[in-house]
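Visitor: Need coordinates for the following:
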Amino acid sequence: MTASVNDGVEPVPAPSPDTAPASAGAPGASLAKWQFRPGQSGNPSGRPKGIVQAVQKRAGRDGKKLITDLWMLCHGTPSEREAHFGEKVRVDTRDRLTALGMLLDRGWGRPATLIGLESGPSLLALLTEVTARPAAPVVSEGTDDDPA
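Guide: I've put the predicted structure just below:
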């Protein structure tokens with residue numbers, strides 16, 4: 001049996017005119033029936049009810065147990081992990097790095113992404129300079145008008 005590249009992937013239907021609402025001038029009129037309309041939520045049910053309470057009931061409201069678990073994965077010895085989790089837990093470097101990243105994200109937050117120039121003129125000054133320049137003449141290569 002040969003596997004296809006598209007196994008398990010359903011094709012996305014192309015929008016067709018017969019799936020559009022009757023009033024063609026309305027917002028979202030050209031959208032197919034499976035597309036979201038303007039102002040319509042992509043997840044109308046929201047998060048499943050009770051998921052936050054279920055996690056907090058098992059892990060505590062402040063997450064200390066989960067942080068302790070991550071700490072054990074990161075820094076615990078094999079015997080400490082076995083005592084903590086109640087079974088042998090094998091941890092490799094990738095597992096430790098993942099746990100460490102989670103601890104950093106929760107302890108200090110993710111670093112802000114900075115966009116902009118570190119030094120030099122401001123973006124507004126650069127845009128003003130570029131728009132004030134006269135347009136350069138268009139020169140095409142290889143025409144018969146070139147004197148040789």
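
Visitor: and the helix or strand of the chain with the lowest mean pLDDT, C-alpha only, in CSV?
Guide: Sorting the helices and strands of the chain by mean pLDDT, DSSP states H and E puts helix 123-132 at the bottom, at a mean of 80. Provided in CSV are the C-alpha atoms of helix 123-132 (Å, rounded to 0.1, in the frame of the first residue of the first chain):
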residue,chain,number,x,y,z
LEU,A,123,12.3,56.6,10.2
LEU,A,124,10.3,59.8,9.5
ALA,A,125,13.5,61.6,8.5
LEU,A,126,14.5,58.8,6.1
LEU,A,127,11.0,58.7,4.5
THR,A,128,11.0,62.5,4.1
GLU,A,129,14.4,62.4,2.4
VAL,A,130,13.5,59.6,0.1
THR,A,131,10.2,61.2,-1.0
ALA,A,132,11.9,64.6,-1.6
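
Visitor: ok now do residue 73, which residues does it touch?
Guide: Taking CB atoms under 8 Å, 6 or more residues apart in numbering as the criterion, residue 73 is in contact with 81, 89, 91, 95, 96, 99. C-beta here means a position set from N, CA and C on the backbone, and glycine is covered the same way.

Visitor: The second one and residue 72, how far apart?
Guide: Think residue 89. According to CB to CB, to the nearest Å, residue 89 stands 8 Å off from residue 72.

Visitor: swap in the fifth one?
Guide: Remark: distance between residue 96 and residue 72 (CB to CB) = 11 Å.

Visitor: who has more neighbours, the two?
Guide: Between residue 96 and residue 72, counted using other CB atoms under 10 Å, the more crowded position is residue 72 (19 against 14).
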